[in-house]
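1. No sequence on hand, only this structure:
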């Protein structure tokens with residue numbers, strides 16, 4: 001079974017983390033080292049999580065209660081929860097699903113005299129073109145915050161230079177994970193100073209808690225190997241357990257009570273050690289390899305199959321979603337063929353305020369109901385990628401065909417720039 005539960009962390013990184021729990025560290029020095037891995041270190045703040053940084057940002061901004069914050073309609077529910085905790089009103093902006101970008105017409109209609117900020121999420125490995133959004137924000141004097149948790153590519157993108165803040169996550173399922181931690185870029189030095197001062201009053205993350213996380217994800221990483229995973233899935237079926245629910249629950253961040261107490265912590269020395277190591281050793285070629293594997297699958301999909309973000313100009317395929325009319329049937333068929341597809345995930349559709357029902361994000365809500373995530377990863381052989389595509393063709397009642405060219409803008413752009421690794425070129429040639 002090709003399982004979707006893959007963690008972008010090496011055994012050597014996990015060993016480093018476990019060893020670091022036993023050693024003394026100066027968190028202030030480690031934070032400085034982390035900031036130096038970014039092009040504007042004076043604007044960076046390492047945090048326990050993106051949720052922690054988002055909470056710090058609203059506290060430092062001190063917007064008036066009742067101020068409205070426009071948000072990409074698909075996001076993790078905690079983002080709206082945090083804004084509302086600070087007395088703000090979360091207002092969804094429906095998405096152009098083909099590009100996974102805020103619909104500019106809806107964005108314009110959503111702005112009122114109470115609107116103060118806009119949160120744009122780069123989803124599924126796509127990158128939203130920010131200049132049209134920045135133009136609207138400048139016209140209305142809005143703060144712009146980028147959620148880049150699913151779009152980390154190293155120094156190739158550190159947020160739009162004019163955005164007020166950009167947030168990068170290194171949680172368990174993210175690229176270059178440190179099993180926690182985040183880095184927040186804040187352009188206003190006064191706001192950043194207030195965020196640092198507030199974070200300095202927080203208690204330190206417990207080393208034991210981080211050690212338990214290292215052990216937990218070491219176990220999950222071992223369990224995601226194909227032979228062991230097949231055995232675990234067989235046991236789940238025999239015991240009539242929902243392995244999909246178990247996986248989603250195991251990788252969920254900050255589950256349980258006392259949410260704000262748990263996010264209001266300083267990152268511990270061991271977490272900062274691992275985060276600094278992941279940034280220092282990050283190789284952008286892994287992004288190119290992942291993107292190429294996704295591009296190859298794109299080129300093999302049935303032509304009528306839609307994908308959220310399928311027309312995005314930039315897409316590194318952090319995850320690989322498709323849109324289908326019968327998600328359960330597709331998931332079951334892929335499962336029988338050895339591919340662990342799922343509808344599950346941490347993202348949710350934000351509901352509009354009660355007095356603004358016209359802003360119900362119908363496009364993204366309809367798409368979310370039809371979305372299935374395929375278990376694509378760089379380790380998957382090209383022959384397995386082809387076989388997964390053949391299953392999708394068969395579900396449409398047609399034999400798989402060899403496409404003449406890769407069709408998405410991201411694929412065409414990478415081919416024009418010569419960025420596709422050899423594995424993609426060979427795979428396409430062998431079709």
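-> Arrived safely. From a predicted model like this one, the values you see are computed outputs, not experimental measurements.
2. quick one: residue 118 is in a strand?
-> Yes - assigned with DSSP: H, G, I helix; E, B strand; the rest coil, residue 118 falls within a strand.
3. wait, doesn't it sit right on residue 135?
-> No - when contacts are counted by Cβ atoms under 8 Å, residue 118 is not listed as touching residue 135 (11.9 Å). In short, each C-beta sits where N, CA and C put it, glycine included.
4. neighbour count winner among the two?
-> residue 118 (28 against 10; other Cβ atoms under 10 Å).
5. Residue 350 and residue 133, how far apart?
-> Using Cβ to Cβ, to the nearest Å, we find residue 350 at a distance of 17 Å from residue 133.
6. How is the protein divided into domains?
-> 13-200, 285-430 (automatic domain parsing).
7. what distance separates the last one from the middle of the whole chain?
-> Going by Cα atoms, centre = their mean, to the nearest Å, the spacing between the C-alpha centre of domain 285-430 and its chain's C-alpha centre is 15 Å.
8. Low-confidence regions, this protein specifically.
-> 225-256, 398-431 (pLDDT under 70).
9. mind listing the strands for it?
-> For the chain, the strands defined by DSSP state E cover 44-47, 68-72, 74-75, 89-93, 95-96, 101-102, 115-121, 143-147, 165-169, 182-186, 320-323, 348-349, 371-374.
10. Would you format these as CSV with distance to residue 218 included?
-> Shown next, in CSV, are the strands of the chain (distance: least, Cβ to Cβ, whole Å):
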stretch, distance to residue 218
strand 44-47, 23
strand 68-72, 33
strand 74-75, 29
strand 89-93, 36
strand 95-96, 36
strand 101-102, 37
strand 115-121, 30
strand 143-147, 28
strand 165-169, 20
strand 182-186, 21
strand 320-323, 26
strand 348-349, 29
strand 371-374, 24
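11. Any idea which of these gets closest to residue 267?
-> strand 44-47 (6.0 Å; Cβ to Cβ).
12. what about the closest one, distance to the chain center?
-> 18 Å.
13. How about residues contacting that strand?
-> 30-31, 34-35, 38, 53, 56, 181-186, 192, 195-196, 199, 267, 272, 275 (Cβ atoms under 8 Å, 6 or more residues apart in numbering).
14. Check which residues of stretch 295-314 are buried.
-> Buried residues in stretch 295-314, counted by 16 or more other Cβ atoms under 10 Å: 295-302, 305, 307-312, 314.
15. and that stretch, how far apart are its ends?
-> Terminal residues of stretch 295-314 lie 11 Å apart, using Cα to Cα, to the nearest Å.
16. got a list of what the closest residue to residue 4 other than its chain neighbours touches?
-> Counting by Cβ to Cβ, 6 or more residues apart in numbering, residue 375 is the residue found nearest to residue 4 once chain neighbours are left out, at 4.0 Å. Shown in contact with residue 375 (Cβ under 8 Å, 6+ apart): 2-4, 339-341.
17. Looking at those, which one is closest to residue 263?
-> residue 4 (26.1 Å).
18. tally of neighbours for the closest one?
-> For residue 4, using other Cβ under 10 Å, the count is 22.
19. what's the answer for residue 355, then?
-> The number of residues near residue 355, taken as other Cβ under 10 Å, comes to 8.
20. Could you tell me how far it is located from residue 290?
-> 43 Å.
21. how many neighbours does residue 378 have?
-> Considering only other Cβ under 10 Å, residue 378 is surrounded by 18 other residues.
22. unless I'm mixing things up, it is touching residue 293, no?
-> Yes - Residue 378 lies in contact with residue 293 (Cβ under 8 Å); the separation is 5.5 Å.
23. From the centroid of this structure, which residue is nearest?
-> residue 150 (2.5 Å; Cα atoms, centre = their mean).
24. I'd say that one and residue 318 touch.
-> Yes - because the distance of 5.1 Å satisfies Cβ under 8 Å, residue 150 is recorded as touching residue 318.
25. hmm, back to that, torsion angles phi and psi at the residue nearest to residue 4?
-> When quoted as degrees, to the nearest 10, the phi and psi of residue 375 stand at phi -80, psi 60.
26. Roughly how far does it sit from residue 275?
-> The separation that residue 375 has from residue 275, given Cβ to Cβ, amounts to 27 Å.
27. now do residue 308
-> 29 Å.
28. what does residue 361 give?
-> 34 Å.
29. who's more crowded, those two?
-> residue 275 (27 against 23).
30. That one: what's it in contact with?
-> 34, 46, 170, 178, 180-181, 183, 267 are the contacts of residue 275 under Cβ under 8 Å, 6+ apart.
31. And it, how close does it get to residue 348?
-> Here residue 275 is placed at a distance of 27 Å from residue 348 (Cβ to Cβ).
32. same thing with residue 84?
-> Using Cβ to Cβ, residue 84 is found at 14 Å from residue 348.
33. who's more crowded, those two?
-> More crowded of residue 84 and residue 348, by other Cβ under 10 Å: residue 348, with 15 against 12.
34. Need the nearest residue in space to residue 80, chain neighbours excluded.
-> Nearest to residue 80 is residue 90, by Cβ to Cβ, 6+ apart, at 3.8 Å.
35. if I pick that neighbour, what's in contact with it?
-> Shown in contact with residue 90 (Cβ under 8 Å, 6+ apart): 69, 71, 79-80, 83-84, 350, 353.
36. now swap in residue 155 and tell me
-> 38-39.
37. Kindly recompute the last result at 7 Å.
-> residue 39 (Cβ atoms under 7 Å, 6 or more residues apart in numbering).
38. For it, which residues count as its bridge partners?
-> residue 153 (DSSP bridges).
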